[in-house]
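Participant: Take a look and give me a structure for this.
(one chain, ligands or ions: 2)
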Amino acid sequence: MAEYFKNVPEIKYEGPKSENPYAYKYYDKDRVVGGKTMGEQLKFAMAWWHTLCANGTDMFGVGTADKTFGTDDPMELAKAKVYAGFEFMHKLGIDYFCFHDRDIAPEGATIEESNANLDVIADLIVEQQKKYGIKCLWGTANLFGNPRYMHGAGTAPNADAFVYAAAQVKKAMDLTVKFGGKGYVFWGGREGYETLLNTDMGLEQDNIARLMKMAIAYGDKIGFDGDFYIEPKPKEPTKHQYDFDSATTIAFLTKYGLQDRFRLNIEANHATLAGHTFQHELRVARVNGFFGSIDANQGDTLLGWDTDQFPTDIYNATYCMYEVLKQGGFTNGGLNFDSKQRRGSFTLEDTALAHIAGMDTFALGLLAAQKIIDDGRIDKFVEDRYASWTTGIGKSIIDGKEDFESLAAYAAKMGEVTTNTSGRQEMLELIVNQVIMNTLNE
Ligand code: XUL
Ligand code: CO
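Facilitator: Numbering: from 1, shown residues only. Ligands and ions are numbered 1, 2, ... in the order given. Modelled structure (predicted):
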């Protein structure tokens with residue numbers, strides 16, 4: 001069988017001192033961290049669309065990378081991508097993949113033709129899954145690329161576009177179940193608006209909730225026992241997207257009674273675009289019971305668009321893995337690299353090196369996050385900071401024993417607040433630095 005990533009060897013763990021670019025310095029898959037192996041804690045997934053399809057095309061120029069895998073026939077190319085993708089995941093030790101329907105097989109002239117193309121490729125994917133023991137993390141439908149979705153899919157003003165979207169989601173869910181996927185993602189790239197002058201916002205949101213309810217009902221019929229996810233993003237491609245950020249999305253899910261089956265798929269670069277940190281978005285999801293899965297990339301804070309870069313920022317990875325560990329780890333979710341190499345890094349070797357860099361960054365983040373927890377100083381500081389809620393008047397408020405009258409009387413007796421203590425932000429930041437440095441020097 002053809003080898004596609006010819007210059008990429010099987011990537012092994014060689015430790016932090018290794019200078020071999022084709023080796024992991026921190027990702028030691030079987031090492032136990034926080035009660036699970038690194039492989040189980042991190043659950044890395046390859047994004048079919050970026051890794052196998054993205055060729056560096058941007059608004060100003062054609063592709064720079066050759067992702068034709070030796071053929072220009074659309075179905076032959078789809079098959080070649082299956083072989084190339086599994087070879088790649090196997091070589092890197094990546095156990096999961098994520099896909100859109102249109103990444104894996106070309107769209108035909110009719111729904112039937114598109115679905116027939118999908119069926120051919122899906123059988124090949126299942127064959128390769130068995131061969132390599134690789135799983136599907138989540139599936140989704142591309143409801144944004146085709147011109148039929150120019151005004152949206154689940155939020156389209158034109159009911160026919162909604163109908164087509166429902167048909168596509170149905171098939172994408174069938175495929176997800178066929179691949180054993182435990183997640184189904186809704187990312188609403190066109191589910192938003194450009195101007196309120198032509199938009200019925202209330203109806204649009206009611207309708208996409210209807211689409212999601214139909215997905216839950218259909219999932220129950222076909223035995224989908226995983227999680228549905230919404231992937232918040234504030235803008236791009238539409239000016240304003242309804243799933244702006246975690247908080248907005250949680251309000252939407254709660255309003256429409258979708259909270260039992262839906263969780264969030266948080267993407268680092270989408271957090272940046274919403275003006276939040278990645279950790280903020282994860283924390284909002286976690287404390288409200290909506291933590292699900294992660295698209296692990298990074299943006300450039302100087303740019304206002306979704307650069308989908310491979311993650312190399314140790315702080316962000318550490319803070320992210322801190323949230324994951326505090327959550328008790330992933331259940332159905334994992335870390336999907338919704339990331340692409342830069343346009344100038346145009347070789348297949350770069351595709352591998354970019355993943356290695358991203359995986360090592362998150363492995364280091366996991367090690368540092370576990371160390372922060374084991375070290376205990378940060379958690380202890382937070383606990384002490386809220387100690388006034390565990391005794392006296394604080395406890396009494398939490399126990400529901402107080403009201404405005406009793407508190408006004410208490411305040412009159414108490415007088416001015418004299419019990420504030422320093423927030424010690426700089427000291428805490430230094431502790432994080434110290435722990436990360438110790439992790440690096442281990
Ligand atoms: C786009 C994005 C998507 C979703 C899946 O910004 O993140 O690739 O992850 O549709
Ligand atoms: Co994403």
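Participant: okay, CA-based contacts and neighbour counts for the rest of this
Facilitator: Fine.
Participant: all strands for the stretch 301-442 of the chain, in order.
Facilitator: Using DSSP state E, counting those that start in this stretch, the strands of the stretch 301-442 of the chain run over residues 335-337.
Participant: Could you do the stretch 1-150 of the chain as well?
Facilitator: Here the stretch 1-150 of the chain has its strands, by DSSP E, counting those that start in this stretch, at 12-13, 23-24, 32-33, 36-37, 44-47, 96-100, 135-140.
Participant: list the helices and strands the longest helix seen in the chain packs on?
Facilitator: As assigned by DSSP state H, the longest helix anywhere in the chain is helix 348-375. Using 3 or more CA pairs under 8 Å, 6 or more residues apart in numbering; DSSP states H and E, the elements in contact with helix 348-375 are strand 23-24, strand 32-33, helix 38-42, helix 74-92, helix 314-326, helix 425-440.
Participant: Any chance of CSV for these, columns mean pLDDT and distance to residue 333?
Facilitator: As requested, those are exported to CSV (pLDDT from 0 to 100; distance: least, CA to CA, whole Å):
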stretch, mean pLDDT, distance to residue 333
strand 23-24, 98, 23
strand 32-33, 98, 18
helix 38-42, 98, 10
helix 74-92, 98, 18
helix 314-326, 98, 10
helix 425-440, 97, 26
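Participant: On the pLDDT front, check residue 1 for me.
Facilitator: On pLDDT, residue 1 comes in at 77.
Participant: Could you do the one 3 residues further on as well?
Facilitator: Among the per-residue scores, residue 4 holds a pLDDT of 98.
Participant: contacting residues around it?
Facilitator: For residue 4, the contact set (CA atoms under 8 Å, 6 or more residues apart in numbering) comprises 69, 84, 87.
Participant: The closest residue to the first one other than its chain neighbours: neighbour count?
Facilitator: In space, not counting the residues next to it along the chain, residue 69 is nearest to residue 80; the distance is 6.2 Å by CA to CA, 6 or more residues apart in numbering. Residue 80 sits with 20 neighbouring residues when counted by other CA atoms under 10 Å.
Participant: got JSON lines for the strands of the stretch 1-150 of the chain, with mean neighbour count and distance to residue 54 too?
Facilitator: Formatted as JSON lines, those follow (neighbours: other CA atoms under 10 Å; distance: least, CA to CA, whole Å):
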{"stretch": "strand 12-13", "mean neighbour count": "16", "distance to residue 54": "26"}
{"stretch": "strand 23-24", "mean neighbour count": "23", "distance to residue 54": "24"}
{"stretch": "strand 32-33", "mean neighbour count": "14", "distance to residue 54": "34"}
{"stretch": "strand 36-37", "mean neighbour count": "14", "distance to residue 54": "31"}
{"stretch": "strand 44-47", "mean neighbour count": "26", "distance to residue 54": "10"}
{"stretch": "strand 96-100", "mean neighbour count": "23", "distance to residue 54": "13"}
{"stretch": "strand 135-140", "mean neighbour count": "26", "distance to residue 54": "17"}
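Participant: Would you mind saying which of the helices and strands packed on helix 348-375 lies nearest residue 10?
Facilitator: With CA to CA as the criterion, residue 10 lies closest to helix 74-92 of these, at 4.2 Å.
Participant: returning to what we had before: let me have the strands of the stretch 1-150 of the chain in a markdown table, adding distance to residue 271 as columns.
Facilitator: Shown next, in a markdown table, are these (distance: least, CA to CA, whole Å):
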| stretch | distance to residue 271 |
| --- | --- |
| strand 12-13 | 31 |
| strand 23-24 | 28 |
| strand 32-33 | 27 |
| strand 36-37 | 28 |
| strand 44-47 | 19 |
| strand 96-100 | 20 |
| strand 135-140 | 20 |
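Participant: Of these, give the one that comes closest to residue 312.
Facilitator: When those are compared by CA to CA, strand 23-24 sits nearest residue 312, at 13.6 Å.
Participant: Each with direction, which strands does the closest one pair with?
Facilitator: strand 12-13 (parallel) (DSSP bridges).
Participant: Contacts for the strand it pairs with, please.
Facilitator: Outside strand 12-13, the residues within contact range by CA under 8 Å, 6+ apart are 22-29, 92.
Participant: Determine which two of the residues you listed are furthest apart.
Facilitator: 22 and 29, at 15.2 Å, using CA to CA across those.
Participant: Tell me, how many residues neighbour residue 110?
Facilitator: Applying other CA under 10 Å, I find that residue 110 has 9 neighbouring residues.
Participant: Need the helices and strands packed on helix 348-375 in a markdown table (columns: distance to residue 392).
Facilitator: As requested, the helices and strands packed on helix 348-375 are arranged in a markdown table below (distance: least, CA to CA, whole Å):
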| stretch | distance to residue 392 |
| --- | --- |
| strand 23-24 | 52 |
| strand 32-33 | 39 |
| helix 38-42 | 40 |
| helix 74-92 | 56 |
| helix 314-326 | 28 |
| helix 425-440 | 27 |
